[in-house]
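1. The following block contains a protein sequence and its predicted model.
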Amino acid sequence: MRRSIVILGGGVGGVITANLLRKKLSDEYEITLIDRETNHVFAPSLLWLMTGDRNAEKISRPLSRLKRKGIEFIQGEIEQIDAQNRTVIVNGENISSDYLIISLGAVLTPEEISGLETGFSFYDLKETERLKQKLWEFQKGRVVVVTASPVYKCPAAPYEAAMLIHAFFQKRGIRPQVTMSFYAAEPAPLAVAGTNVSEGVQQMLRERDISYYPQHQITKVDPDKRELYFANGVHDSYDLLVYVAPHKPPRVVQESGLVGKSGWVTVDRHTLETKIPGVYAIGDVTGIPLELGKPLPKAGVFAHGQAKVIANNIAHKITGEGQQIEFNGHGECFIEIGNNKAGFARGNFYASPAPTVKVHQPGIRWHLGKIAFEKSWFRTWF
């Protein structure tokens with residue numbers, strides 16, 4: 001009878017884990033990936049989709065392609081996770097495993113804030129397509145970017161979005177007719193990465209005449225009056241609202257018994273194993289506290305590194321080959337600023353007493369680097 005490893009989620013962490021385990025293990029082990037979507041979407045390119053520099057086909061691949069590599073793919077809704085028995089229910093069917101890896105990410109909940117859904121988001125394919133159309137139609141007025149909670153996927157993304165929208169309007173020749181503001185729930189941009197990084201991003205917003213208002217928690221949107229209301233009593237008007245919704249773990253994860261005080265799945269910060277042996281969690285669905293009191297940012301680069309650790313260590317347990325490794329908290333990301341330029345940041349987020357992050361000045365080099373990474377991504381994993 002074949003042994004089984006089940007991976008929940010076809011995002012960054014799930015796809016990499018499945019690929020690496022398939023390479024490391026014999027056919028005695030069945031590798032199964034489960035996701036409710038049919039396609040994997042390369043999320044870092046959604047910003048380019050927003051500005052019309054990509055189309056949906058260019059940044060998506062069918063998860064069924066993984067079958068060519070010997071990875072089983074099941075499309076379906078995950079109805080229940082029985083972590084104790086490493087079993088899940090999908091499409092009404094029980095699926096058991098020897099190892100269970102949860103990489104289901106975070107779900108977005110704009111409905112938690114009255115009226116927020118009437119705005120435009122760039123965190124999934126369908127919503128980004130809507131925003132792209134709106135940006136093309138927009139002629140003049142007030143654009144407001146809002147983050148509705150201080151913790152969200154890819155902390156650079158809303159700041160990149162603001163700068164890319166600025167550049168897009170410049171290219172269209174309508175920027176003088178548009179005012180732009182950014183209201184953030186967080187105290188500063190990319191605060192976990194350090195003061196220098198935050199100040200650098202704020203300087204780039206100032207250079208683009210984008211007003212920035214940190215620590216403004218949005219509480220309500222009135223789409224009829226086109227007004228925004230914040231917890232500190234401030235209110236403002238808008239013609240186009242671009243938002244990042246609140247995040248939370250998927251329902252099945254919340255009901256799995258694996259969620260800790262952080263509201264996210266608790267794992268060993270080095271091995272990504274949960275309190276239940278043989279059950280792991282990676283990426284956005286986890287809550288990993290850092291020494292400075294803030295959580296490890298939710299970003300694909302960390303899911304990438306964590307997937308490598310889990311795949312290596314499970315293969316080591318099974319085959320005895322190689323040695324155990326640990327996730328070390330290193331991460332890096334490109335920061336798109338428009339006009340074919342990007343910055344680049346890299347650092348150790350497990351450093352004590354605070355993360356150490358180096359930022360490279362924006363330029364064409366890093367923009368081309370992100371393009372190369374996008375191409376490499378699909379070539380390597382699909």
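-> Everything's here; your move. Numbers count the residues shown, from 1 in each chain.
2. which residues sit in contact with the spatially most central residue of the chain?
-> The chain has residue 153 as the residue nearest its centroid, 3.8 Å off, counting by Cα atoms, centre = their mean. Residue 153 is in contact with 43, 105-106, 123, 247, 284, 298-299, counting by Cβ atoms under 8 Å, 6 or more residues apart in numbering. C-beta here means a position set from N, CA and C on the backbone, and glycine is covered the same way.
3. The stretch 1-150 of the chain: strands as residue ranges?
-> 3-8, 29-35, 39-41, 60-62, 72-75, 78-82, 87-90, 93-96, 99-102, 107-108, 141-147 (DSSP state E, counting those that start in this stretch).
4. Also the stretch 151-300 of the chain?
-> 178-184, 210-213, 218-222, 227-230, 235-237, 240-244, 247-248, 279-281.
5. ok, back up a step: turn the contacts of residue 153 into CSV, columns for distance to residue 145, neighbour count and pLDDT.
-> As requested, the contacts of residue 153 are exported to CSV (distance: Cβ to Cβ, whole Å; neighbours: other Cβ atoms under 10 Å; pLDDT from 0 to 100):
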residue, distance to residue 145, neighbour count, pLDDT
43, 18, 21, 96
105, 22, 26, 97
106, 19, 22, 97
123, 13, 21, 96
247, 17, 20, 97
284, 21, 29, 97
298, 18, 22, 96
299, 19, 22, 96
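6. hmm, back to that, could I get the strands of the stretch 1-150 of the chain in TSV, plus columns for mean pLDDT and mean neighbour count?
-> As requested, those are exported to TSV (pLDDT from 0 to 100; neighbours: other Cβ atoms under 10 Å):
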stretch	mean pLDDT	mean neighbour count
strand 3-8	97	23
strand 29-35	98	22
strand 39-41	97	20
strand 60-62	97	17
strand 72-75	98	17
strand 78-82	98	17
strand 87-90	98	19
strand 93-96	96	13
strand 99-102	98	27
strand 107-108	97	18
strand 141-147	98	22
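7. got the ones you listed as CSV, with distance to residue 364 columns?
-> Converted to CSV, those look like this (distance: least, Cβ to Cβ, whole Å):
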stretch, distance to residue 364
strand 3-8, 37
strand 29-35, 36
strand 39-41, 26
strand 60-62, 26
strand 72-75, 38
strand 78-82, 42
strand 87-90, 45
strand 93-96, 47
strand 99-102, 38
strand 107-108, 33
strand 141-147, 25
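8. right, so of those strands, which gets closest to residue 269?
-> Of all the strands of the stretch 1-150 of the chain, strand 99-102 sits nearest to residue 269, with 15.9 Å by Cβ to Cβ.
9. And that closest one, how far out from the chain middle?
-> Relative to the centre of its chain, strand 99-102 is centred 19 Å away, using Cα atoms, centre = their mean, to the nearest Å.
10. contacting residues around it?
-> 5-9, 13-14, 17, 81, 83, 86, 88, 253, 256, 258, 265, 274, 278-282, 285, 310, 314.
11. coming back round to it: what's the most buried one of the strands of the stretch 151-300 of the chain?
-> strand 279-281 (a mean of 28; mean count of other Cβ atoms under 10 Å).
12. what does that strand contact?
-> Here strand 279-281 makes contact (Cβ under 8 Å, 6+ apart) with 83, 86, 99-103, 258, 265, 267, 271-274, 310, 314.
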